[in-house]
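> Sequence and predicted structure below; questions after.
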Amino acid sequence: MAIRIVRLGSPRATGEGLRLGTVRRPPRGVPKSEFASRDYYDSWLPQLSPSAELLKLGQQAQDSASDKDWSAFVRKFRAEMNEPDAARLLDLLAALSQGTPLALGCYCEDEARCHRSVLRALLSERGAALV
C-alpha cells in the first residue's frame, strides 16, 4: 500500500484507493456529485493546498523561467505545511500509507512545478510509502 501523487482529472490507476484533492477550489463546471466519477477526487482536503496568497505566487512561479521564484514558493509552502494542523495531516497520511492505498492530487499539468511535488517530498520525509 502506498500514496500515489496524481493529476486530478486523470484516469485512476488500478488499486489507487481513495483520491484526495489537495486544491484550494473544486473543479469548475463539474457538479459535486460527479467529482469522483470524473476522476477528480473522492474527498476534498484543501488544508494541504497553498493559501490563497501563496497560490498566486505559485502560479507566477510556474510560468516563470526563474528557479529563484519557484524556490521562494517551495520555502513558503513548506512553512505553511509546518503549521500544526497541516503537519498532523501529513503525519496521518504518512502513517496510513503503510497499510492503505491513497492518492493525492492537484490540477497542475507539471508535477515538478506544482505544490504536489512538495507534498511528495514532505510525505517522504515522514516515512510515507510512495508510488
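Received the coordinates, thanks. Everything quoted here is computed from the prediction, not taken from an experiment.
> which helices and strands sit right next to whichever strand or helix holds residue 73?
Take DSSP states H and E as the rule and residue 73 turns out to sit in helix 67-81. Helices and strands touching helix 67-81, by 3 or more C-beta pairs under 8 Å, 6 or more residues apart in numbering; DSSP states H and E, are helix 52-63, helix 84-96, helix 115-125. Bear in mind the C-beta positions are built from the backbone N, C-alpha and C, glycine included.
> Tell me the gap between the helix or strand of the chain with the lowest mean pLDDT and the middle of its chain.
Least confident helix or strand of the chain, by mean pLDDT, DSSP states H and E, is helix 52-63 with a mean of 83. Here the centre of mass of C-alpha atoms in helix 52-63, compared against the chain's by C-alpha atoms, centre = their mean, to the nearest Å, lies 15 Å away.
> what's the answer for stretch 104-120, then?
6 Å.
> outside of the helix holding residue 73, which residues touch it?
Here helix 67-81 makes contact (C-beta atoms under 8 Å, 6 or more residues apart in numbering) with 48, 50-51, 54, 57-58, 60-62, 64, 86-87, 90, 113, 115, 118-119, 122.
> which of these count as buried?
Taking 16 or more other C-beta atoms under 10 Å as the criterion, what is buried in the contacts of helix 67-81 is 48, 50, 54, 57-58, 61-62, 86, 90, 113, 115, 118-119, 122.
> Distance to residue 15 for those residues - can I get that in CSV?
Supplementary listing: these in CSV, determined by distance: C-beta to C-beta, whole Å:
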residue, distance to residue 15
48, 22
50, 29
54, 33
57, 35
58, 30
61, 33
62, 30
86, 27
90, 22
113, 28
115, 25
118, 25
119, 20
122, 23
